[in-house]
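Chemist: fold the following and give me the result.
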Amino acid sequence: MKAIRVRAFGGPETLELCDVPDFPKPGAGRILVRMMAAGVNPVETYIRSGTYAKLPELPWTPGSDGAGVVESVGGETDGRLQPGQRVWVAGSASGTYADAAVCDAGSVFALPERATFEQGAALGIPCATAWRALMQRGGAKVGETVLVHGATGGGGVAAVQFAKAAGLRVLATGGSEAGRKMLAGLGADAIFDHSAPGYDEAIRAATDGKGADLILEMLANVNLARDLALLAGTGRIVVIGSRGSIEINPRDLMLRDADIRGVMLANTPAPELAECHAAIARHLAAGTLNPVVGHTFTLSAAAEAHRTVMASGHAGKVVLRIPGDR
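Modeler: Next up, the predicted model:
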């Protein structure tokens, strides 16, 4: 079978399409999934480059998100999934940038017929992170105003949809016209161009000067200081992404009795992670969660997919189609 392998940490060019042995039948508690699509996440670019805090042994096949069809089921599983069933996965022991992936049974979920495999590949990390940031770490409440700062990626799209379903007023920012148009289609109540001068004043005006109760921040090293001035009293900022350091004025926190909270999906306790996945399944089935796939690449173009997921201005999720052009 085909799989992407990284043999040395470095740039996107280290992503090699290789022939690898087919997997044997999965062991106890595991499921072998024939992959049809794999989600591409920024964390995989950090690992590939060797800059992530925890690095895998090499050679390494990237990917924890994906969707496909159950190929075979190992022993000691609960019997809810059977060969031939459409599924999405939120974690893989072998990596999802491949024709097949070995997954713990608890990380594999039924994919409704209404969702494409590409949409299924957009669920795991982005949607679980969005739910955890919004509901578990952010403590969102009905009637509050949430600002999703940088809402056009996979996680931002999910956050907007979860927030609308939960009865929040949603403000969202995007850096491209296509991204902002997409956010309007998702039902965001007010949309702003975060590359336009003075856009923070427009956000403040949209809240009648009160500020947002909750801000989900995708690029804290650029926006965190600005976010503090956009918060309502006792407001919360949840930092989802950052690519460097930033200087802030702590008095902005003191003035509002405000909180800054971090979120990293890898830190999530098992019961809370299960809650995230249950919420994804519930909203997917109800039609209140509809992942937007913005860019698709073949497995052989994984390097270009890594460049795209880290570029500014793209709208929607980056996904690898498998088998793609083979």
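
Chemist: is it fair to say Gly68 lies in a strand?
Modeler: Yes: Gly68: assigned to a strand according to DSSP: H, G, I helix; E, B strand; the rest coil.

Chemist: and the residue most central in space within the chain, which of the three is it?
Modeler: Closest to where the C-alpha atoms of the chain average out (Cα atoms, centre = their mean) is Pro126, at 1.4 Å. What three-state DSSP gives for Pro126 is helix.

Chemist: I'd assumed Gly153 was in contact with it.
Modeler: Yes: using Cβ atoms under 8 Å, Pro126 is in contact with Gly153, at 7.2 Å. To be clear about C-beta, it is placed using only N, CA and C from the backbone, and glycine gets the same treatment.

Chemist: got any residues that touch both of the two?
Modeler: Lys317 (Cβ atoms under 8 Å, 6 or more residues apart in numbering).

Chemist: ok, back up a step: number of nearby residues for the spatially closest residue to the residue nearest to the centre of the chain that is not a sequence neighbour?
Modeler: Of all residues not flanking Pro126 in the chain, Gly154 sits nearest, at 3.4 Å (Cβ to Cβ, 6 or more residues apart in numbering). Neighbourhood size, Gly154 [other Cβ atoms under 10 Å]: 30.

Chemist: what separates Gly154 from Ala196, distance-wise?
Modeler: Here Gly154 is placed at a distance of 24 Å from Ala196 (Cβ to Cβ, to the nearest Å).

Chemist: over to Gly91?
Modeler: 39 Å.

Chemist: Gly262 now?
Modeler: Distance, Gly262 to Ala196, using Cβ to Cβ: 28 Å.

Chemist: please say which of the two ends up with more neighbours.
Modeler: Neighbour count, other Cβ under 10 Å: between Gly262 and Ala196, Gly262 has more, with 14 against 11.

Chemist: wouldn't that one be in contact with Arg236 here?
Modeler: No: Gly262 lies out of contact with Arg236 (Cβ under 8 Å); the separation is 11.5 Å.

Chemist: what lines up beside the one helix or strand Phe297 maps to in the sheet?
Modeler: Secondary structure from DSSP states H and E places Phe297 in strand 293-298. Sheet partners assigned to strand 293-298 using DSSP bridges are listed as strand 317-321 (parallel).

Chemist: which residues in the stretch 101-250 of the chain form helices?
Modeler: For the stretch 101-250 of the chain, applying DSSP state H, counting those that start in this stretch gives helices covering 117-120, 124-131, 154-165, 177-185, 199-206, 220-229, 250-256.

Chemist: contacts only, for the closest residue to Ala188 other than its chain neighbours.
Modeler: With Cβ to Cβ, 6+ apart as the criterion, Ala188 has its nearest non-adjacent residue at 4.2 Å, and that residue is Ala172. For Ala172, the contact set (Cβ under 8 Å, 6+ apart) comprises 147-148, 151, 156, 160, 183, 188, 190-192.

Chemist: and which of those is nearest Val33?
Modeler: Using Cβ to Cβ, Gly156 comes nearest to Val33 of the contacts of Ala172, at 27.0 Å.

Chemist: if we can go back for a sec, how about the contacts of Ala172, which pair is most distant?
Modeler: Farthest pair in the contacts of Ala172 (Cβ to Cβ) is Gly156 and Ala190. Separation: 14.7 Å.

Chemist: neighbour count for these two, which is higher?
Modeler: Neighbours were counted for Gly156 and for Ala190 using other Cβ under 10 Å; Gly156 has more, 30 against 18.

Chemist: neighbours of the closest residue to that one other than its chain neighbours, how many?
Modeler: Nearest residue to Gly156, sequence neighbours excluded (Cβ to Cβ, 6+ apart): Val148, at 5.3 Å. Close neighbours of Val148, defined as other Cβ under 10 Å, add up to 31.

Chemist: what's the answer for Pro42, then?
Modeler: Using other Cβ under 10 Å: Pro42 sits among 19 other residues.

Chemist: leaving out sequence neighbours, find the closest residue to it.
Modeler: Spatial nearest neighbour of Pro42, chain neighbours left out: Val309 (5.9 Å); criterion: Cβ to Cβ, 6+ apart.
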